[in-house]
Each structure stands twice: as structure tokens, then as C-alpha cells.
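Chemist: have a look at this prediction, sequence included:
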Amino acid sequence: MTVSISQEKKESFNRILEELASELGITKTQYENLATSYKAVGTWLNDDESLKGCGVNVYPQGSFRLGTIIQPINEDDDLDIDLVCRLTSKPPYWTQEDLKESIGNRLKANDMYSKMIKEEDGGRRCWTLLYRENDPKEKYHLDVLPAVVDKESLSVIDEMARQEYNYENVQKSAIRITDKEAENYATDSNSSNWLKSFPDGYASWFASRCKMSGQAQILTETVAPVGKYLEKKTILQKAIQILKRHRDIMFNGDDDKPISIIITTLASKAYNEENNLVDALTGIVRGMRGHIENRSGIDWVGNPVNPEENFADKWPDAPQKKMNFNKWLEALENDLQTLLALEGRDRIYKFISGKFGERVTKALFENMGSSMKKEFDSGKVRISKTGTIGAVGGLASYGHTFYGS
């Protein structure tokens with residue numbers, strides 16, 4: 001994919017993409033509501049007498065922790081938050097089933113949570129709590145994953161608590177999780193035989209990829225187990241948010257759409273220190289294919305902190321998933337090239353609306369119109385002869401659009 005545009009036009013489109021990413025992200029109020037909810041769940045589980053001494057710790061994983069969560073397409077759809085309910089120890093006789101039921105029983109013992117549980121016997125791996133009592137425009141659900149610290153990682157946990165959050169320690173902090181479809185779900189009490197997961201390690205690896213942009217403070221505070229809301233995000237975080245929304249619009253709820261973990265992993269590997277969204281997205285889209293391995297004829301998107309895990313493991317049995325990923329990546333290449341070639345507000349508005357949604361497009365153009373008017377009025381913004389915005393050309397007279405005629 002070859003995209004060649006002038007510097008002034010790149011600056012204009014970078015500003016649009018920055019505003020798009022900002023609109024896609026969750027608000028501070030949403031973040032605080034979600035944080036309050038999962039911390040309350042953690043407190044309730046930790047106060048259970050049957051779990052006393054087990055070292056219960058509830059914290060987010062997935063897009064909420066990575067800072068790549070995006071608003072749902074429709075206002076009445078849910079935000080999806082993944083949580084780990086990690087125990088540092090368990091009774092020696094507990095199987096996966098025992099652990100899963102223990103967490104479920106504790107949730108059911110709470111008058112509020114008992115009414116919010118999605119499935120009486122829980123999902124395959126998680127207990128899902130549906131939050132519907134708040135603002136109807138802010139629906140969300142929490143997926144609580146029961147887990148126990150991997151025995152090989154026990155010596156690392158205390159060390160992590162004493163030292164600075166870092167990749168070398170975090171990558172060793174594996175957990176063993178429950179899975180109702182595992183053959184040993186109801187029989188094996190040796191957690192070393194349970195399915196392994198590395199949410200801490202993945203978050204730290206992701207931070208190391210973001211760090212290439214030189215925004216160490218942002219990435220560290222964003223992916224820490226108990227982070228805080230940050231207005232600013234790294235280039236990589238914003239790029240992934242844009243990619244995920246493009247995916248959502250293109251596949252419109254299709255279960256075989258490209259999954260977020262594959263998008264995030266490939267985008268993170270392809271990211272190469274670009275310091276603006278135009279260059280970052282161009283490089284990422286161009287480079288993602290090159291990070292899909294072929295192992296003995298099998299497509300492989302490896303977990304960077306667990307090389308034995310293949311995020312594309314469902315592709316062989318569900319070829320439509322692979323087809324859709326390739327279809328999406330081809331569409332991305334074409335759409336990015338088309339976007340960067342466009343001129344004129346109306347054309348750009350129509351194109352972005354079709355690829356990222358009318359609601360978010362309207363909001364971003366309104367926000368840019370407001371901020372651009374202030375800059376026009378102050379004389380800081382000029383429009384070139386080609387109709388792009390920058391610091392060159394003649395002074396523009398502000399009308400009702402931000403991008404000129």
C-alpha cells in the first residue's frame with residue numbers, strides 16, 4: 001500500500017484521526033463507574049469466609065486494562081469488561097469446578113449480584129454480571145474469570161509488590177484458569193494441569209510496544225492492574241481503537257469477525273515508533289500480515305508472552321474467521337488509501353461516517369468545528385490553495401464547516 005500526501009494534508013488528517021480516537025474512547029465517568037463496580041466485586045469476594053486466606057485479588061484484563069476499549073456502536077449496547085479473580089492459593093482438593101462454583105456461590109449470596117448474573121451456572125470460563133440500573137446509555141457487563149496463581153509464579157508475586165512494575169517480573173506471573181470444556185474440569189485438583197493464561201505478562205508486553213513512542217508515563221499508568229483514567233493515550237492505543245471500530249462497523253455483529261486480541265497483537269508487533277496516527281496506521285496496516293506465522297501449514301498468531309498459545313487457533317476449524325480477517329485487512333488498506341486521497345469536508349465526513357459510524361463522526365466534526373473556529377478567529381489557522389488546513393496559505397474566513405469548501 002502506497003500513500004503519498006503532503007505534510008500539511010497529513011497534519012490535517014492526523015488531527016481528524018486524533019479526534020476520532022478521542023470520540024471512540026470511554027469517558028472519565030464511564031471509567032470511574034466501571035472501576036467502582038469491579039472494585040466492589042473484589043471487596044465482596046475478598047470478604048467471603050470460605051475464601052479467607054486465599055489472597056483474592058480482582059483486577060481488569062483485556063481492552064479496559066490496555067486502554068484500547070471503545071464505545072459500542074449503538075448506545076443501547078454493552079461495554080464489555082474482563083476481570084480476573086485471582087487467588088494466590090486454594091484448598092488442595094479444589095478442582096476447577098470447585099473454584100468456579102465457589103466464586104459463583106459468593107456472587108449469588110449478594111442480593112444485587114444474584115439478580116445480575118447472566119447464566120445460573122456461569123459461562124464457559126467466567127461469571128457475567130449485567131449492569132442495567134445506571135444510565136441506560138451506559139450499560140455494561142463484567143466477566144469475572146476465576147483463577148489461581150500458577151505455582152511457578154508464587155515466588156514472583158511478592159517480589160512484584162516490592163519492585164517497580166516491570167516486564168521481567170510480570171511475564172512470570174502466570175495464572176491457571178477454569179474452563180468448563182476442559183476434560184479435567186471436575187476431576188483434577190492440581191492447578192498446574194489447568195489452562196494457563198498471562199494477562200499481566202501481556203499487559204506488560206503491550207506497554208513495552210507503546211513505549212516505543214516515548215510516552216512511558218502514559219503506558220505505565222494505563223496498563224497497571226489498578227490504573228487510572230488518562231485523557232491522553234499513546235499512538236498505538238489510539239491506532240488500535242480506530243482499527244477495532246472499523247472492524248465493528250464492517251462486520252456488524254458477525255461472530256466470525258476478527259477478534260480483538262489478534263488485532264491488538266498484530267498491530268503492536270507492526271507498530272514501529274511512528275509519532276503520528278497517519279504514519280502509524282499506514283505502517284501497521286502494511287505490516288500486520290508479516291507477523292502471521294506459518295507453522296507446518298498452520299496460521300499462527302502467537303501470544304508474545306506464551307509462545308505455545310496461538311490466538312488464531314480457531315481458524316482451521318472455522319475458515320470463515322480467517323477469510324474475514326483477510327477481507328478486513330484488504331478493506332483497511334483500501335479505505336486508508338481512499339481516505340488520505342479525499343479533499344473537502346463533505347466527502348471526508350461521508351466516508352468516515354460510513355466506515356466508523358454516523359454518531360461518532362458527527363461528534364468529532366462538531367468538536368473539530370468548535371476548536372477550529374477558535375483557531376480561525378485567533379488567526380492561527382490558514383487554508384492552503386488545495387483546501388487543506390495548516391499554517392500556510394491565506395487567512396481563512398470561518399463559515400459553518402471546519403475543513404473549507
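Modeler: Now that the structure is in, tell me what you want to look at.
Chemist: make it CA atoms for all contacts and neighbour counts henceforth
Modeler: Fine.
Chemist: so where's the stretch 151-300 of the chain shaky on pLDDT?
Modeler: 152-172, 212-227 (pLDDT under 70).
Chemist: what segments of it are strands?
Modeler: Counting by DSSP state E, counting those that start in this stretch, the segments of the stretch 151-300 of the chain that form strands are 175-177, 195-197, 293-295, 298-300.
Chemist: and the stretch 301-405 of the chain, by the same measure?
Modeler: 302-303, 306-310, 382-383, 389-390, 394-395.
Chemist: can you list the strands that the first one pairs with?
Modeler: Pairing partners of strand 302-303, with direction, according to DSSP bridges: strand 306-310 (antiparallel).
Chemist: buried sites along the partner strand?
Modeler: For strand 306-310, the neighbour count (16 or more other Cα atoms under 10 Å) marks Asn310 as buried.
Chemist: CA atoms only: put that strand into CSV for me.
Modeler: Included here for strand 306-310 are C-alpha records, laid out as CSV according to Å, rounded to 0.1, in the frame of the first residue of the first chain:
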residue,chain,number,x,y,z
ASN,A,306,3.2,-17.6,25.9
PRO,A,307,4.7,-18.8,22.5
GLU,A,308,2.8,-22.0,22.8
GLU,A,309,-0.6,-20.2,22.6
ASN,A,310,-2.0,-19.4,19.1
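Chemist: what's the average pLDDT for it?
Modeler: Average pLDDT, strand 306-310: 83.
Chemist: over to stretch 54-64?
Modeler: On average, stretch 54-64 scores 90.
Chemist: which residues sit against it?
Modeler: Contacts with stretch 54-64, where a contact means Cα atoms under 8 Å, 6 or more residues apart in numbering, come from 38-39, 41-42, 45-46, 69, 81-90, 199-200, 203, 225-226.
Chemist: and those, which are buried?
Modeler: 38-39, 41-42, 45-46, 69, 81-90, 199-200, 203, 225.
Chemist: in strands, which of these fall?
Modeler: Among those, DSSP state E puts Ile81, Asp82, Leu83, Val84, Cys85, Arg86, Leu87 in strands.
Chemist: the spatially closest residue to the third one that is not a sequence neighbour - how many residues pack around it?
Modeler: Spatial nearest neighbour of Leu83, chain neighbours left out: Pro60 (4.3 Å); criterion: Cα to Cα, 6 or more residues apart in numbering. Number of residues near Pro60 (other Cα atoms under 10 Å) recorded here: 28.
Chemist: for Asp150, which non-adjacent residue is spatially closest?
Modeler: Using Cα to Cα, 6+ apart, the nearest residue to Asp150 is Ile175, at 4.7 Å.
Chemist: roughly how far does the one you found sit from Pro316?
Modeler: 27 Å (Cα to Cα, to the nearest Å).
Chemist: for Pro72, same thing?
Modeler: 29 Å.
Chemist: Three-state assignment for Val148, please.
Modeler: Reduced to three states with DSSP: H, G, I helix; E, B strand; the rest coil, the structure at Val148 is strand.
Chemist: number of residues surrounding it?
Modeler: Val148 has 29 neighbours, counted by other Cα under 10 Å.
Chemist: please name the nearest non-neighbouring residue to it.
Modeler: Counting by Cα to Cα, 6+ apart, the residue nearest Val148 is Leu87, at 4.5 Å.
Chemist: Lys90 now?
Modeler: Cys54 (5.7 Å).
Chemist: for stretch 180-188, buried residues please.
Modeler: Quick answer for stretch 180-188 (16+ other Cα under 10 Å): Lys180, Asn184, Tyr185, Asp188.
Chemist: output the longest helix belonging to this protein.
Modeler: The longest helix of the chain (DSSP state H) is helix 319-341.
Chemist: sorry, back to before: out of the strands of the stretch 151-300 of the chain, which comes closest to Arg247?
Modeler: Closest approach to Arg247 among the strands of the stretch 151-300 of the chain (Cα to Cα): strand 298-300, 20.3 Å.
Chemist: any idea how far the closest one is from the chain center?
Modeler: Its chain's average C-alpha position is 23 Å from that of strand 298-300, according to Cα atoms, centre = their mean, to the nearest Å.
Chemist: how much space separates the residue nearest to Leu336 when sequence neighbours are not counted from Ala270?
Modeler: By the measure of Cα to Cα, 6+ apart, the closest residue to Leu336 outside its immediate chain neighbours is Thr282, 7.5 Å from it. According to Cα to Cα, Thr282 and Ala270 sit 10 Å apart.
Chemist: which stretches of the stretch 51-200 of the chain form helices?
Modeler: 62-66, 96-108, 111-116, 154-162, 167-170, 199-210 (DSSP state H, counting those that start in this stretch).
Chemist: what residues does the closest residue to Pro92 other than its chain neighbours make contact with?
Modeler: Leaving aside its sequence neighbours, Pro92 sits nearest to Ser189 (Cα to Cα, 6+ apart; 6.6 Å). Applying Cα under 8 Å, 6+ apart, we find Ser189 in contact with Pro92, Tyr93, Trp94, Thr95, Gln96.
Chemist: what sits against the fourth one?
Modeler: Counting by Cα under 8 Å, 6+ apart, Thr95 makes contact with Tyr185, Ala186, Thr187, Asp188, Ser189, Asn190, Ser191.
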